[in-house]
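J.: Compute the structure for the input listed below.
(chains A, B and C)
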Amino acid sequence: MGRYILRRFAQFIPVFFGVTLLLFFITTVLPGDPVALKAGEKQLPPAVYAALRHSYGLDKPWYIQYVNYLGALSPVHYTPKAGLQFTGPDLGESISTGRPVTQMFSETYPYTAELAFTAIGLEIIFGIGIGIIAAVKQYTIWDTLATLGSSILVALPVFWLGLMLQYLFGILMKEWTGGSFYLPISGSGGPGSPFDPWVYLVLPGITLASVSTAYAARIMRSQLLEVAGQDYVRTARAKGLRERSVLWGHEMKNALIPVVTFIGLDLGAMLSGAILTETVFNWPGVGLMIYQAIGRRDYPVVVGGVTLVLVVVLVVNLLVDISYAFLDPRIRLGANAEG
Amino acid sequence: MADHLLEVDDLKMHFHTRDGVVKAVDGVSYTLDRGETLGVVGESGSGKSVTALTLMGLIPMPPGRVEGGDVRFKGRSLITMKDEELRAIRGNEISMIFQDPMTSLNPVYRIGRQIAEPVRVHKGASKAEARARAIELLHLVGIPHPEKRVDDYPHQFSGGMRQRAMIAMALACDPDILIADEPTTALDVTIQAQILELMQEVQARTGAAIIMITHDLGVIADIADRVLVMYAGKPVEYGTLDEVFGAPQHPYTWGLMDSVPRAGMTEKSELCPINGQPPSLIDVPSGCSFHPRCPYARERCLTEVPALRNIQGEHKSACHFSGEPWFARGCSLDVQSEVV
Amino acid sequence: MTDDQKATEVSDRAIIEELVPVHPHGPAGDEDERRKESRGARTLYGDAWYRLSRNKLALGALAWLMLLILATLTADLWVPQNFGAPNHIDSSTIMATRLQGPSMTHPLGTDDLGRDMFARVIYGARISLTVGALAVLVSVLIGLLLGALSGFYAGWLDAVIMRIADVFLAFPYILFAILLLSVLPESSRTGIAPVVLTIGVLGWPSIARVFRSSILSVKENDYVDAGRALGASDGRLIVRHILPNAVAPILVYATMSIGGAILTEAALSFLGLGIIPDPVSAPNAVSWGRMISDGQSYLTSNPGIVLWPGLAILTTVLAFTLLGDGVRDALDVKLKD
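T.: Residues are numbered from 1 along each chain as shown, chains lettered A, B, ... in the order given. Next up is the predicted model:
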């Protein structure tokens, strides 16, 4: 297993440099003039402009700039005076508020994580559950419904689904029940709000989980059907196991390995992909922060926010890859892991 | 003997598909007693595996359906038995070893757990008892350091060791009958011999009856007491090993024997493969289903289905001409021109 | 034990397995075999078309897309005349015409600026379909080029290209698009090109992987070696022998990807990073995603403003997915993801 983990790390390194290099090019080289961009609408006097370019290191060759960029990204900084210090990445300040992007990120990120874990919970319960039902009841109406339902979910624009859920559960339901029962459609609660905090997670959670749940159900179904045809399942039956034990004891663990991997990678995507859901539900996470920054042309917040989110995604994906080893004994004890 | 351990009586297992009815097993009978080994030979599609899977209750129904006949185990019909009763016999009193040990073990569970599972299910053994039994069984099938290997996963075992583990699993509940479906086919030749030896040892020790299903006549000659030759879902020859191998009666059996190279064979021409392909089980040839490939076929074979009839002692053959004085084995290719 | 014998022994068990119905609706099965016999040999695409024509969902999807395409192509001839131009705002009558419910003159009602919803949905299809198709075209072109280099030359080039593909796939799609579009100066954002290129550039790794694996499997075939031996150039081999064999999986993948590209365009428009139409050359440009974004504030009183463009996106994307599924089954292509 040690070798497997080492190999994963080895594969992670070029991806990490690739992603950061790409980010560097998009944010620094592609815009042509980040100083002008950072200045926003203002016209800068030439002397100030040149000084700014120098202070950003833009007059240096691109590879020096890239190294500087990586240095800014690093959470640990070294100065001869203070030695190693944990200062967090330096991603500049917001144009509109003047606050450090890192600080804004650390305030909003817990909300994003809360929403992502809610959605992952829903995905695990409903994705795996529906997938199992569809596979066990193959060729029945349940299977057809699950398959068609997942095609529709995948084709739904997430933000539109969110708005429709708001209309159904927040607006129509409030009208029908005369205001006695409905779900909140905006914000995250807090002191003085009419609902318990968790209620605010319901609709955004469902919205964020929708597409992934459909995919998880599809993968679960196809994996179970594939495993059901394996020789070792016949062996299990030949031993005289009950059908229930064959399904839960012998088929499930094999079928779950790829599903769990998918859901793990999905967690990475959700920790980043909440921008649409957060926008629709006014959920105060990083997604909303980035969206609002786009509207205000607050360039450092957009770039810094996206950058930090990407770093989180990369690390989560690496962890998922590694945890895969713990699930599959063929890799964990990998005498011939490749075989 | 009146009460046999297992009696298969005119068993017919058909599959109902969109293309028609597949007569996978069409009237097979045999008996099996304690400590005895029955060898079932035939080409692929001859119904030899389906027969075994039927008595294990492992044929999915539909599309499978038992169209007639019966299988009695210790006097009880396995065909009319409730699923739950059959399940209690499966893996307990009758157990099965499959062809491919590489894929027949669950990759995500430890060997020991898989071997001990029948004991847990059928005997209600505790985890500790089951583990002790697994170690004992691994020792029995000749796995070195069983107390360590019991915690291994299948991928840590070689092919031969996995088949040993499969045998251990089949023996877990001291079965009365052990069905082996091509247990050596996927293994190297040297390992094949070891596995056969192991099965004989186990039989001597436990007194289990064995049904050995194979296309390999060498395996049959090694291990069987009696032999059943099947073709297109039907039995074509049946008898003791000496009878069938000493004086084979059916042209199909001759063909099988002549298509295998033997030591002492000097010329290539002595090797006479059977012409043609096994028939489709949906559209079985009229009369004797072997007639399109039979060098001795005559008019009668096209219209009249030959019965499986006694030739001598227990020896039976399903050929119209078996036992007739002129009817003798010869290399098919030479005979063809003379007889037809 | 020869391999032959092994194979026949395996098929013994396969007999049982084959008998269990695998395809509930029976596509690509024995019926086709019989049909082939009765009509003689047919081409791959002839057979595929026959199978597709028996798949009702896929046919329905195809019909819906054809209808949509026809409507957008002819829109200039009948939509503005009957329902009004999609972006026309008449400030003198706006108070009377805005936020109307469905009626004979406005089948889907009007939006907050008195514009006809039906006209806007129809013209929205034009943008969505164009962006979807062009973006996938960009992906396919880049993907084919890099996939060909990667699959055909193997070695370090393959490793580098596949690592780059990993990098692209490690990026969350939508964030990458946001980043790319938000760094472009406003002046260069006009027209559909920036959005098309952004979505297209993001889609290449999947196509490249599909094409690469097609090449790797085709490369093993003898006729490629034979072609080599006869002195065919690499380019000729790719165009003549490998491309035709790789068309089926790429066709399937591209069909499915159009739906994804349409969703991305809608999401970008919803976030305010979508297409900025040039008012002179494209006065009738409308984006469904933008319509939903604009309509949000009227959700309580006039949910139709949000409902219709959303349904349009849903049905169009679903149609591409179902058509893609149908083409996949018809061509008998297996996609790993």
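J.: what separates the nearest residue to C:S297 once chain neighbours are set aside from chain A, distance-wise?
T.: With sequence-adjacent residues excluded and distances taken as Cβ to Cβ, 6 or more residues apart in numbering or on different chains, C:S297 is closest to C:D112, at 7.8 Å. Glycine gets a C-beta too; all of them are placed from N, C-alpha and C. C:D112 sits 15 Å away from chain A, going by Cβ to the nearest Cβ, to the nearest Å.
J.: so where do the strands sit in chain B?
T.: Using DSSP state E, the strands of chain B run over B:6-17, B:20-32, B:37-41, B:64-73, B:76-77, B:94-97, B:177-181, B:209-214, B:226-231, B:234-240, B:309-312, B:315-317.
J.: Compare those strands and give me the one nearest A:K253.
T.: Closest to A:K253 of the strands of chain B, according to Cβ to Cβ: strand B:94-97, at 22.7 Å.
J.: is any part of that closest one close to chain A?
T.: Yes: using Cβ under 8 Å from any Cβ of the partner chain, a contact is recorded between strand B:94-97 and chain A, made by B:S95, B:M96.
J.: Just list what that strand packs against, helices and strands only.
T.: helix B:48-56, helix B:159-171, strand B:177-181 (3 or more Cβ pairs under 8 Å, 6 or more residues apart in numbering or on different chains; DSSP states H and E).
J.: Could you dump the ones you listed into TSV with mean neighbour count, distance to C:G203 and mean pLDDT added?
T.: Shown next, in TSV, are the helices and strands packed on strand B:94-97 (neighbours: other Cβ atoms under 10 Å in any protein chain shown; distance: least, Cβ to Cβ, whole Å; pLDDT from 0 to 100):
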stretch	mean neighbour count	distance to C:G203	mean pLDDT
helix B:48-56	25	48	86
helix B:159-171	24	44	88
strand B:177-181	25	49	90
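J.: about what we covered before: what residues does the residue nearest to C:S297 make contact with?
T.: Counting by Cβ atoms under 8 Å, 6 or more residues apart in numbering or on different chains, C:D112 touches C:R98, C:L99, C:D294, C:G295, C:S297, C:Y298, C:N302, C:I305.
J.: for it, helix, strand, or coil?
T.: Here C:D112 is coil, with the state taken from DSSP: H, G, I helix; E, B strand; the rest coil.
J.: What's the local residue count around A:W142?
T.: Neighbour count for A:W142, taken as other Cβ atoms under 10 Å in any protein chain shown: 14.
J.: wait, it sits on A:G131?
T.: No: look at A:W142 against A:G131 with Cβ atoms under 8 Å: they stay out of range, at 11.4 Å.
J.: next one: phi and psi at C:R115?
T.: Main-chain dihedrals, C:R115, degrees, to the nearest 10: phi -80, psi 150.
J.: Number of residues surrounding it?
T.: 24.
J.: Quick one: residues contacting it.
T.: C:R115 neighbours (Cβ under 8 Å, 6+ apart): C:G84, C:P86, C:N87, C:H88, C:I89.
J.: residue ranges for the helices of chain C, please.
T.: Secondary structure of chain C (DSSP state H): helices at C:3-19, C:30-39, C:44-53, C:56-83, C:94-97, C:117-153, C:155-170, C:173-183, C:193-219, C:222-229, C:234-237, C:243-270, C:288-295, C:304-331.
J.: Now do the same contact list for C:A135.
T.: Contacts of C:A135 (Cβ under 8 Å, 6+ apart): C:V195, C:V196, C:L197, C:I199, C:G200, C:G203, C:A261, C:T264, C:E265.
J.: which non-adjacent residue is nearest B:G20?
T.: B:I282 (4.3 Å).
J.: same question, C:A48
T.: C:A330 is the one closest to C:A48 (Cβ to Cβ, 6+ apart), at 4.2 Å.
J.: Likewise for B:L308?
T.: B:A318 (4.3 Å).
J.: and the one you found, backbone torsions?
T.: Dihedral angles (degrees, to the nearest 10) for B:A318: phi -110, psi 60.
J.: Tell me the residues of chain B that contact chain A?
T.: So chain B meets chain A at B:56, B:58, B:87-92, B:95-96, B:98, B:100, B:103-109, B:117-118, B:121-122, B:153, B:155-156, B:166, B:169 (Cβ under 8 Å from any Cβ).
J.: before we move on, back to that, possible to save the helices of chain C as JSON lines with mean pLDDT?
T.: What follows is the helices of chain C, written out as JSON lines (pLDDT from 0 to 100):
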{"stretch": "helix C:3-19", "mean pLDDT": "39"}
{"stretch": "helix C:30-39", "mean pLDDT": "42"}
{"stretch": "helix C:44-53", "mean pLDDT": "78"}
{"stretch": "helix C:56-83", "mean pLDDT": "88"}
{"stretch": "helix C:94-97", "mean pLDDT": "74"}
{"stretch": "helix C:117-153", "mean pLDDT": "91"}
{"stretch": "helix C:155-170", "mean pLDDT": "84"}
{"stretch": "helix C:173-183", "mean pLDDT": "82"}
{"stretch": "helix C:193-219", "mean pLDDT": "87"}
{"stretch": "helix C:222-229", "mean pLDDT": "68"}
{"stretch": "helix C:234-237", "mean pLDDT": "72"}
{"stretch": "helix C:243-270", "mean pLDDT": "88"}
{"stretch": "helix C:288-295", "mean pLDDT": "90"}
{"stretch": "helix C:304-331", "mean pLDDT": "91"}
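J.: Quick one: buried ones out of the contacts of C:D112?
T.: Buried members of the contacts of C:D112, counted by 16 or more other Cβ atoms under 10 Å in any protein chain shown: C:R98, C:L99, C:D294, C:G295, C:Y298, C:N302, C:I305.
J.: Surely the third one touches C:D111?
T.: Yes: applying Cβ under 8 Å, one finds C:D294 in contact with C:D111, separated by 7.3 Å.
J.: who touches both of those two?
T.: C:I305.
J.: hang on, the earlier thing: now the residue nearest to C:A48: how far from chain A?
T.: 17 Å.
J.: quick one: that residue and C:L52 touch, right?
T.: Yes: if you go by Cβ under 8 Å, C:A330 and C:L52 touch, sitting 4.1 Å apart.
J.: Please say which of the two ends up with more neighbours.
T.: Of the pair C:A330 and C:L52, C:A330 is the one with more neighbours under other Cβ under 10 Å, namely 24 against 19.
J.: just to revisit the earlier point, flag whichever of the strands of chain B has the least confidence on average.
T.: Looking over the strands of chain B, mean pLDDT reaches its minimum on strand B:309-312, with a mean of 81.
J.: how far does that strand sit from the chain's center?
T.: Relative to its chain's centre, strand B:309-312 lies at 22 Å (Cα atoms, centre = their mean, to the nearest Å).
J.: related to what we said a few turns ago, might one say that the residue nearest to B:L308 is in contact with B:G233?
T.: No: counting by Cβ under 8 Å, B:A318 stays clear of B:G233, with 11.9 Å between them.
J.: ok, the residue nearest the centre of chain C - contacts?
T.: Nearest to the mean C-alpha position of chain C, by Cα atoms, centre = their mean, lies C:I258 at 1.6 Å. The neighbours of C:I258, taking Cβ under 8 Å, 6+ apart as the test, are C:G132, C:A133, C:V136, C:F320.
J.: One more pass at 6 Å, please.
T.: C:G132, C:V136, C:F320 (Cβ atoms under 6 Å, 6 or more residues apart in numbering or on different chains).
J.: With B:S29 instead?
T.: By Cβ under 6 Å, 6+ apart, B:S29 lies in contact with B:V8, B:D9, B:D10.
J.: Take these and write them to CSV, including distance to chain C.
T.: Compiled in CSV, the contacts of B:S29 are given as follows (distance: Cβ to the nearest Cβ, whole Å):
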residue, distance to chain C
B:V8, 18
B:D9, 22
B:D10, 21
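J.: filter these to the buried ones?
T.: Buried among the contacts of B:S29 by 16+ other Cβ under 10 Å: B:V8, B:D9.
J.: I am finished for the moment; much appreciated.
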